[in-house]
Each structure stands twice: as C-alpha cells, then as structure tokens.
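Colleague: everything below, folded, please.
(6 chains)
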Number of protein chains: 4
Amino acid sequence: MPPSAAPDTARRSERSYRAIIDATKELLDEQGYVATSIDQIARRAGVGKQTIYRWWPNKAYLVLEAHAEQAAERNPIPDTGGLRGDLRAIAASFSHNLSDTAVGRVCVQLIGEAQVDEAFADAYREVFVTQRRAAVRELLERARGRGEVRDDVGVELALDFFFGPIWYRRLVRHAPLTREFAHAIADALAEAVAPR
Amino acid sequence: MPPSAAPDTARRSERSYRAIIDATKELLDEQGYVATSIDQIARRAGVGKQTIYRWWPNKAYLVLEAHAEQAAERNPIPDTGGLRGDLRAIAASFSHNLSDTAVGRVCVQLIGEAQVDEAFADAYREVFVTQRRAAVRELLERARGRGEVRDDVGVELALDFFFGPIWYRRLVRHAPLTREFAHAIADALAEAVAPR
Amino acid sequence: MPPSAAPDTARRSERSYRAIIDATKELLDEQGYVATSIDQIARRAGVGKQTIYRWWPNKAYLVLEAHAEQAAERNPIPDTGGLRGDLRAIAASFSHNLSDTAVGRVCVQLIGEAQVDEAFADAYREVFVTQRRAAVRELLERARGRGEVRDDVGVELALDFFFGPIWYRRLVRHAPLTREFAHAIADALAEAVAPR
Amino acid sequence: MPPSAAPDTARRSERSYRAIIDATKELLDEQGYVATSIDQIARRAGVGKQTIYRWWPNKAYLVLEAHAEQAAERNPIPDTGGLRGDLRAIAASFSHNLSDTAVGRVCVQLIGEAQVDEAFADAYREVFVTQRRAAVRELLERARGRGEVRDDVGVELALDFFFGPIWYRRLVRHAPLTREFAHAIADALAEAVAPR
DNA sequence: CTATAAGCGAGACGGTACGTCCCGTCTTAGA
DNA sequence: TCTAAGACGGGACGTACCGTCTCGCTTATAG
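Modeller: Here you go, the predicted structure:
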C-alpha cells in the first residue's frame, strides 16, 4: 500500500519504520483499535510522533499498513479439481481469517473509518477486498473454462454473492461464522452458477 | 428500543427527551456522526449534558435510538403475488433506505461502534437487522406455502444470501448499490430456492 | 444562628433537622469541608435536597450551624484571681479549641467562604468571634476594676492583640499553636496593659 | 516560586506562560477568584487547558504564582531612625497592601485553599508571609542594636504580635483595617519591647 | 373531621467547571 | 540533517455539584 502522500520513502529510517509497525501491532493486539493512541505507539516504538505523522496521515492508515502484509500474504488459490471444492476451500480460509485472526479483527475495527474517509476506504479495499475478489474471480473463470459456470452468469455479481454473506455475518454477528456456513455458501454458489 | 441501562424511564422529562432526540437528528444531518459531539447536542437541545448521560451511555446509543423509530417504520411487506416480485420490491426498498436516507447513513456510521461494544451490537441488530430479516423470512415462508421454495432450502441461509450482498456493497463500496443490483439479487435468490 | 431567610421554623420536621445536622457533622469529620457535598449530606440524612435548601442557603451556612452549638458551648469565663491567670486560661482553651477540635477545623475551613460572602461573614463572626471577644472583654473590664489595667488602654485593641496572634498562627501555620505560645500571648498582654 | 511539581520548566513556552499569567490577573481583577475558571483563563490566554494543567496543579497555584512577583516586590525596609517610626511605616504599608490592592484581595481569597492543601499552604506562606516577617525581623534586630529592644524579647513572638492583629482584622473583618489601627499596633509593639 | 396547605423523600433537570485524553502541529536539543 | 522528545492550541469526553424543579405522599393545622 502506498503511504498516501508522503516524502521520499527511500530516505525513511528502516529502524524506526519497523519499530512503529511492530509497536502498532502489539498495542492493537493488547488493547484493540480504539484504545490505542498515536502517543502510545510513538512511546512504545521509541519514536517521535512527528516520525509517525510524516509517513501516515492518521492512526487508521498506520494500522492498515501494519496489517497489510499479513492480509496480503497470498493464500494460494486452491485447486481441488472442481469449482465446489475450490470455493469451499477459499470460503473456509477467508472466513477463518476474518473471524479468528488479528488481521480479521483489525479489518472489522477499521470498517468504521472506511465509512467516513473516502480515501481510506480505497486503501482499505485494496488490502482487504480486491485481492480476495481477484482470487475468486480467477477461480470462477477457470471453472468456466471447464464448463462448470454458465455463460450468462455475471462474475461480479457472483463475487458479491460469495463474499457478501460472509462479511455480513462477520460484521452484524447475528449468527456465527462457522466452517459449515462457509461450505454452504460455496455449495450454493457452485450450484447456482452451474449449467442446468 | 429499551434505553439500555438507565433509571426509571417514567420520571424522564418528555420535553427534554424530544429535544435531545430532535437535536441529535438535526446535527447528524448537518455534520455527520463523527463531527457531532454530546456537548453540541446538549446545547442545541437546551439540556444539561448529564441529562443525556443519564439516559444513554454514549453518543452511539443516543444516535441509534434517535433513528430507531424511522428505521422501524415498518415498510409494508410487499405482496406482488410472486416470490420474485416480492423480493425485488423489498430488496430495492432496503437498498434504497441503506444508500439514500439519513437512517442508512447512520446505520453505516454506527457499524464501527458495533464492532467494539458487544451490547451496542445487540441494540444495533435489533434496529437495523432483525425486523428486516423477519419480513423477508415471512415472505419466504409464504412463498413456500405457494410452492415457490423447495423444502430443503435453509431459510436463514437464504436470508444471508439476500441481505449479505447488499450490506457488503454498502459497507465496502467496491461497486454502487443500484436498483438493478437489488433486482439481480432478488432474481438470483428466487431462482436458487425455486423447485427444479 | 437564625436560618437566614427561611419559612416558619416551627413547622420544620425535627427529625429531618437532626438527621441533616448529624450527617453534616459526620461527613465533615470523615472527609472535610470541600469533599462534602449537599447531595452526600442529603443521602446520608435520608432527606430530600430541597429540605436542606429550604432551611439553609448553601453548604457553608449549614456547616456553620451544625457546629454552632458546640462552638457556643460557653467555656466558663475563668476566675483565677489575677488577669494573667485568667488570660492564660482562656488563651490556652481557645487555641486548643481552634487547633485540636472538629469545631476548630470547621472554623478554618469556613474562613474562605467568609472572604467571599459578606452575609456569611456576619454569621461566621457571630459563631466564632463575638462570644469569645465578649468573654475576654468582660475579663479585662473586671481586671480594670481591680486596677490591673491602665485607664488609657483601648479594650478593642487589646482584644485584637490577644486573638490576632492565635488566629494568625492557626491560619498561616508558620509555627505550631502550642500551649506555651498561648501563655506567652497572655503574659505579654497582661504586662502591656498593666499600670507602670 | 517554583512551579510546584511540573516538567522541565526550560522547555516551557515563554509566550504562553506570559499569556496565562496575564489572563489570570485580568480575570481575577474583573470577576474575583471564585468566578474565574480555568476554561476562561485558557480561552482568554489563547491557550489549551492542558498547557495550564501541565504547569500548575490547579487554579489556586496558578493564581498564587500570577501574583507572586507583585507580592514579592520588595517594599523597601523603612529607616526612619527609630523603631516606632519604622514599625508604623511597615504596618501601614502592609495593611494597605492587604486591604486595598489586588494582591491583598488574592491573598485573602486563597486563604481557604491553604487550609485544605498543605503543599499549597507552604507556597502561600512563601509568597505572603515569609518575606514580610523577614523584613520586620531585620528591623527589630537593627533596633536591638540601637538599644530599643530588650534582650529578653522573643523576636518570633514579637512578629506574631505585629502581624497577627492585622491579619486577624483583615480576615475576620470585625473592624476596619485603618491606618490608625496599623499605627496603634506599631506603637504598642514598640513600647512593649522597649527597655523599661 | 375533613380539606387544604405545608413539608417531605426522591431525584430529574439546566447549567458550569472540572481534569483527562487525544489529535495533529510545532519547537528544540542532540546525535 | 534528521530524529526523540514532548510542548503546544484545540476540543470532546464523562463526572461532580450546584441550586431549582416536579412529583406523589404524609402530616398537621384551620375551618
């Protein structure tokens, strides 16, 4: 993720950068997003506040970047031989990440900021949304090649059908985000796109 | 919605209550959730801050309650004669509400707080989720009576498929939440639950 | 002390009155003047706040009245036969009361209010100053009758010389208010007013 | 006066410091101690509240420091050639300061706080008591050198006799603090310490 | 012997000030 | 020249009291 609008990133002190990122992750782990302040991060990192504000516009961007690499850690696109299996695998892994990892916690805690800051929303999508959609898109295209997806199926719509329910359960928490649920989503989608 | 955890609501001054709720809605409309402070609300309402804190634990609860009645304003459950039409109607109305009304704006601005305060999440669901789900659930059951829904279809899962993509688009904003999209969701769901 | 400007004292509930006075003294003893609030007193006394405000204009007046009777508890005017002894006795008793009793503590804690509220200052003097001065005045007049006081001595000035240093030490606390100090004051005054 | 208990005073903004001190004096002059709030001072000074709380623990300390320099403005020790004249001069000047100047008003309005906060009482004495006593002490010693003070006279006791009545009248206000009164105190003390 | 007014408890109310926290910017001393 | 340290202006927060008010209930006189 690009540091928004910042000075020459080459001149940046690697040492401070690491310290900031690490402190951010530690503090988020310990006390969550809202309870963590820039002052705390600077103190923990042994860094001046200015050094933080030089590279990130505010806490949200910093937290996002701190977790971006883990979030991006490319979960390999599965290849089980069939669409249903592939979707099951990726649905399960995605909902696990969203529910049970630090990255997932950060993802939902940042959703509020994304409602309020349009530029941040872009960066947020880049980290948490775009890549995952691309993976599933690829997977669907591959399946279409194998004749498992009807020609008249809109892929973007299919992606919304795939990710929507998972995000919905995670954010609204009206019901638990289980592996069974992930599989059910995958199964339903595979069937819905299949040729009759 | 019950006033969370508060003293005897019978002794509450109706006059102040109305003034607070109204001021809250006005200010949210004028400047959005984050820019609105409890001090401002109190001043606008001509009320002591303590009177607000007596009845609501914080801004989020107050804002939620201020919009609860509009949110609850029961959109009549449509009856077009067929499941597809019913779903289309309700999907369109729901995504319109979420996208283009003050209540919808509040709904997404409060989602962040719901990630952080479990009790608030409960209240939030009560206002923005439960009733809508109930409406669609009823609609699906009715359709099942007419033979438009297969017996093996899980209704809760169907509800997640219906609402998930709409919330997803609204919160993540990777694509616009159009009437066409709403109809596409409705159509896809109607078809997916239909007997083969 | 008259309750300033208040309704018919005859209709006052003796029970509540006692409870208020007692609660006031207890709380002052436990936590001092500033930390004690009218709300606390009302709660402790099992009394409505209005009942307090009906009879006293504010905390200072209430506290003053609560301690007035002890303050007034007429320390008998000593009669040792000589002026020096009489002054010693009264100086010692006065500085002891001021330093080491609950009434003394209240007396100094109320001095601030007396700087700010003129009417209160009057009441304050009535309780803590006037009677004591009268006692010493009487004592000096008696001594004058015995020829122990020169005719040209101004009695009011003598009283200021007598009480001034004691109040001064108590309020400024640059040095402890000991019995020796009290005696030294008495001795010096006795000598200063004595015929040459 | 040391800034009580505060961070490195060297890093303090001289500009803000002056603005705070000046605003404090202005507001005290305009509306008195109790009516003046920290918020007002901060606003008038164009300063954040935190900047005040960083350097002073509360209003009392700030007000004290704001007036410390005037209070300390060394009134030159008079030298009229005789003890009586010197004491008259200093008594008159002191009681004038206490009665008729802004510093005097502050002095009595802070006396309440000094009854309640021991550390503050120390600072208070430093500003309002210690120097004045030192001046009169010096004056008495000088007079002793000239043979105007008996050897067996305790100087500290004499100081209490000198200042006590003046403070007493000022704080209790049972009688006005006139120049005549000041002179009478001076005369009486001069005579009392004189050799027989 | 009622009725009617007062006092009463409880506590909500409009208001003010408090002292803390955090934001994002600015200043400074030293490496 | 950059950086840690942290002071700065600003402003929201949530709490504590103030003194007034409203509400039913109790009580004690006055008709």
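
Colleague: phi, psi for A:Gly82 please.
Modeller: Dihedral pair for A:Gly82: phi -130, psi 160, per degrees, to the nearest 10.

Colleague: identify the residue nearest it in space, chain neighbours excluded?
Modeller: A:Glu148 (7.1 Å; Cβ to Cβ, 6 or more residues apart in numbering or on different chains). For glycine as for every other residue, the C-beta is placed from the backbone atoms N, C-alpha and C.

Colleague: in contact with the one you found, which residues?
Modeller: A:Glu148 makes contacts with A:Gly82, A:Leu83, A:Ala190, A:Val193, A:Ala194, A:Pro195, as judged by Cβ atoms under 8 Å, 6 or more residues apart in numbering or on different chains.

Colleague: now the buried members of the residues you listed.
Modeller: Among the contacts of A:Glu148, the ones that count as buried by 16 or more other Cβ atoms under 10 Å in any protein chain shown are A:Leu83, A:Ala190, A:Val193.

Colleague: out of the residues you listed, list just those in helices.
Modeller: Among those, the members falling in helices (DSSP state H) are A:Leu83, A:Ala190, A:Val193.

Colleague: spatially nearest residue to the first one (excluding sequence neighbours)?
Modeller: Meaning A:Leu83. A:Ala143 (3.9 Å).

Colleague: which strand or helix spans that neighbour?
Modeller: Here A:Ala143 sits within helix A:131-145, counting by DSSP states H and E.

Colleague: quick one: average confidence on that helix?
Modeller: Throughout helix A:131-145, pLDDT has a mean value of 96.

Colleague: ok now it, how far from the chain's centre?
Modeller: 17 Å (Cα atoms, centre = their mean, to the nearest Å).

Colleague: can you check stretch A:171-191 too?
Modeller: 17 Å.

Colleague: please identify the buried residues of it?
Modeller: Buried, per 16+ other Cβ under 10 Å, within stretch A:171-191: A:171-174, A:177, A:181-186, A:188-190.

Colleague: of those residues, which belong to helices?
Modeller: Per DSSP H, those map to helices at A:Leu171, A:Val172, A:Phe181, A:Ala182, A:His183, A:Ala184, A:Ile185, A:Ala186, A:Ala188, A:Leu189, A:Ala190.

Colleague: for the residues you listed, which one is nearest D:Thr51?
Modeller: D:Thr51 has its nearest neighbour among those in A:Leu171, at 41.1 Å by Cβ to Cβ.

Colleague: does that closest one really touch B:Trp167, like I thought?
Modeller: Yes - contact criterion Cβ atoms under 8 Å: A:Leu171 and B:Trp167 qualify, at 7.1 Å.

Colleague: contacts for the least confident helix or strand in chain A by mean pLDDT, please.
Modeller: The helix or strand of chain A with the lowest confidence, counting by mean pLDDT, DSSP states H and E, is helix A:59-72 at a mean of 92. Residues outside helix A:59-72 that contact it (Cβ under 8 Å, 6+ apart) are A:1, A:3-4, A:20-21, A:24-25, A:28, A:33, A:36-38, A:41, A:52, A:56, A:101-103, A:106-107, A:109-110, A:113, A:117, A:120, A:123-124, A:127-128, A:131.

Colleague: now do the contacts for whichever residue of chain A sits closest to DNA strand F.
Modeller: When scored by Cβ to the nearest atom of the strand, chain A has A:Gly48 as its residue closest to DNA strand F, at 2.8 Å. Neighbouring residues of A:Gly48 by Cβ under 8 Å, 6+ apart: A:Ala42.

Colleague: pLDDT score for it?
Modeller: On pLDDT, A:Gly48 comes in at 96.

Colleague: ok, now A:Trp55?
Modeller: So, for A:Trp55, pLDDT stands at 95.

Colleague: residue in chain A nearest to chain B?
Modeller: A:Gly112 (1.8 Å; Cβ to the nearest Cβ).
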